[in-house]
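Asker: need a 3D model of the following:
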Amino acid sequence: MNIEKIETYRIAIPLHTPFKTALRTVTVAESIVVKVTCDDAIIGWGEAPPTHVITGYSLASIEFAINGIMKPLIVGESLLNRERVFEKIHQSAVGNSSAKAALDMALYDCIAQHANMSLANFLGGYNDTIETDYTVSVNSPEEMATDAEKYIDNGFTALKVKVGKDLIETDVKRIEAIRKQIGPDALIRLDANQGWKAKEAVRAIRKMEDLGLNIELIEQPVKAHDIEGLQYVTDHTDTPIMADESVFSPNDAKRVLESGAADMINIKLMKAGGIHQALKIAKLADVYGVECMVGSMIETKIGITAAAHFAASQPNVTRYDFDAPLMLSGDVIAGGGVTYRGKSIEIGSKPGLGIDTIDRQFAVK
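Answerer: Numbering: from 1, shown residues only. Now for the predicted structure:
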């Protein structure tokens, strides 16, 4: 089971509605798609979107890292020695987590197909079906409340609400308007995308607690490097705090967990460098009794299928943020992958990622 060929190409799919956070606005989902072919004719798929403001990588840098650095190191290697292959990828370059992730998920797809198991089962097999939240982009309080009501009416029971773009008093008004519009039962998760400072975050969260807005968790309230600030927010509020951009690697997770800087961790394959490293983060968090969310960037169903298989395999992954494919105007997977039924995502039992064919109409020529 040797790696015979690695190919990449670019894709672009418009979003049906702009995706707005404190860090960026996205109207088109761009990605590098990776195709790995083994000498036994097994084909594996992966992808990596450029997310400059979070990971720092562009389409060009991802392409070069895969084709110019990693491919020469692993073509011809046997996936039966997968630890050696993943070690080569991990040590091939500093950073480059998105490129590593795209290659990693394609290789895991091949390995699980060889084992004749779905990737979720190969990794542990904990859940067959999971439920995603849906993201409310940052806009005016009135527009966000209207969007939130629409998503609840569409059957979603958990909303991930973007804040942190402007005045913190406006963020409180946004959440007040949303809670009033959707009622008391739906879950509200806030994501500040590093948009607050520690003391103002505490002030805002306490205000929302006093107003009884019933926030399930707050994700990454402060800058990624500000672990002390993250710990300050965690220590001075009752609402659970989740680290996202503060945790790329297992070493980052170790620092956050040892210091008690956050109550939960959001694992993303594009930050971690793929499933191999993401498993280490999840297992380390489990040792500390910490639950995780698995989320994504603005990815197509290729990347989300890989992330969903990983997430479904781990018992301490209890929350899922996989709405990105629902925001796109098309599906790059022409057959197979995970299946969406409203908020529910069925993992499926086909070997590997279960991807049958890829629609090349989205390829950028």
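Asker: okay, now the unreliable bits of the protein?
Answerer: Scanning the chain for pLDDT under 70 picks out no residues.
Asker: that one - how does it break down into domains?
Answerer: As given by automatic domain parsing, the domain ranges for the chain are 3-116, 121-359.
Asker: want to try CSV for those domains, with distance to Lys365 as columns?
Answerer: (C-beta placed from N, C-alpha, C; glycine too.) As requested, these are exported to CSV (distance: least, C-beta to C-beta, whole Å):
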stretch, distance to Lys365
domain 3-116, 9
domain 121-359, 15
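Asker: let's have those in TSV, adding mean neighbour count.
Answerer: Shown next, in TSV, are these (neighbours: other C-beta atoms under 10 Å):
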stretch	mean neighbour count
domain 3-116	19
domain 121-359	20
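Asker: please identify the helix or strand for Gly56.
Answerer: Assessed by DSSP states H and E, Gly56 sits outside every helix and strand.
Asker: could you point out which element follows the host helix or strand of Ala148?
Answerer: In the assignment (DSSP H and E), Ala148 maps to helix 141-153. Downstream of helix 141-153, the first helix or strand assigned by DSSP H and E is strand 158-162.
Asker: the inter-axis angle of that next one versus helix 141-153?
Answerer: Interaxial angle, strand 158-162 versus helix 141-153 (axes from the mean of the first three to the mean of the last three C-alpha atoms, to 10 degrees): 160 degrees.
Asker: from the contact counts, what lies against strand 158-162?
Answerer: Applying 3 or more C-beta pairs under 8 Å, 6 or more residues apart in numbering; DSSP states H and E, one finds that strand 158-162 makes contact with strand 134-136, helix 141-153, helix 168-182, strand 187-191.
Asker: direction included, what does the shortest one pair up with?
Answerer: Looking at strand 134-136 with DSSP bridges, its paired strands and their directions are strand 158-162 (parallel).
Asker: how far out from the middle of the chain is the helix holding Ala148?
Answerer: 23 Å (C-alpha atoms, centre = their mean, to the nearest Å).
Asker: by contact count, what packs against that helix?
Answerer: For helix 141-153, the elements it packs on are strand 134-136, strand 158-162, helix 168-182, judged by 3+ C-beta pairs under 8 Å, 6+ apart.
Asker: go with 7 Å
Answerer: For helix 141-153, the elements it packs on are strand 134-136, helix 168-182, judged by 3 or more C-beta pairs under 7 Å, 6 or more residues apart in numbering; DSSP states H and E.
Asker: save these as JSON lines, and put in distance to Ala204 too.
Answerer: Formatted as JSON lines, the helices and strands packed on helix 141-153 follow (distance: least, C-beta to C-beta, whole Å):
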{"stretch": "strand 134-136", "distance to Ala204": "17"}
{"stretch": "helix 168-182", "distance to Ala204": "5"}
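Asker: closest to Lys162 out of those?
Answerer: strand 134-136 (6.4 Å; C-beta to C-beta).
Asker: so how far is the closest one from its chain's centroid?
Answerer: Centroid displacement of strand 134-136 relative to its chain, using C-alpha atoms, centre = their mean, is 14 Å.
Asker: so what touches that strand?
Answerer: Identification of contacts with strand 134-136 by C-beta atoms under 7 Å, 6 or more residues apart in numbering yields Met144, Asp147, Ala148, Tyr151, Phe156, Leu159, Lys160, Val161, Lys162, Ile178, Asp323.
Asker: over to stretch 218-229?
Answerer: With C-beta under 7 Å, 6+ apart as the test, stretch 218-229 has contacts from 189-194, 196-198, 201, 205, 230, 233, 239, 241-246, 255-256, 259, 261, 266.
Asker: start to end distance for that stretch?
Answerer: Length of stretch 218-229, first residue to last, C-alpha to C-alpha, to the nearest Å: 14 Å.
Asker: now stretch 223-231
Answerer: Start-to-end span of stretch 223-231 (C-alpha to C-alpha) is 12 Å.
Asker: tell me where this protein has helices.
Answerer: 59-64, 71-74, 82-91, 97-114, 119-123, 141-153, 168-182, 198-210, 227-235, 250-259, 269-272, 275-287, 301-313 (DSSP state H).
Asker: next, the angle helix 275-287 makes with the third one.
Answerer: Okay, so that is helix 82-91. Here helix 82-91 points in a direction 100 degrees away from that of helix 275-287 (the same axes, to 10 degrees).
Asker: same check, this time on the fourth one
Answerer: Angle of helix 97-114 versus helix 275-287, following the same axes, to 10 degrees, is 90 degrees.
Asker: tell me what helix 97-114 is packed against?
Answerer: Counting by 3+ C-beta pairs under 7 Å, 6+ apart, the packing neighbours recorded for helix 97-114 are strand 25-38, strand 43-48, helix 82-91, helix 119-123, helix 269-272, helix 275-287.
Asker: Ala99 and Ala48 touch, don't they?
Answerer: Yes - when contacts are counted by C-beta atoms under 7 Å, Ala99 is listed as touching Ala48 (5.9 Å).
Asker: give me the common contacts of those two.
Answerer: Ile62.
Asker: about what we covered before: would you turn the helices of the chain into TSV with distance to Thr129?
Answerer: As requested, the helices of the chain are arranged in TSV below (distance: least, C-beta to C-beta, whole Å):
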stretch	distance to Thr129
helix 59-64	31
helix 71-74	34
helix 82-91	28
helix 97-114	18
helix 119-123	11
helix 141-153	20
helix 168-182	24
helix 198-210	32
helix 227-235	31
helix 250-259	27
helix 269-272	20
helix 275-287	19
helix 301-313	8
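Asker: of the ones you listed, which is nearest Gly352?
Answerer: helix 97-114 (3.8 Å).
Asker: how much space separates Tyr232 from Asp238?
Answerer: Taking C-beta to C-beta, to the nearest Å as the measure, Tyr232 falls 14 Å from Asp238.
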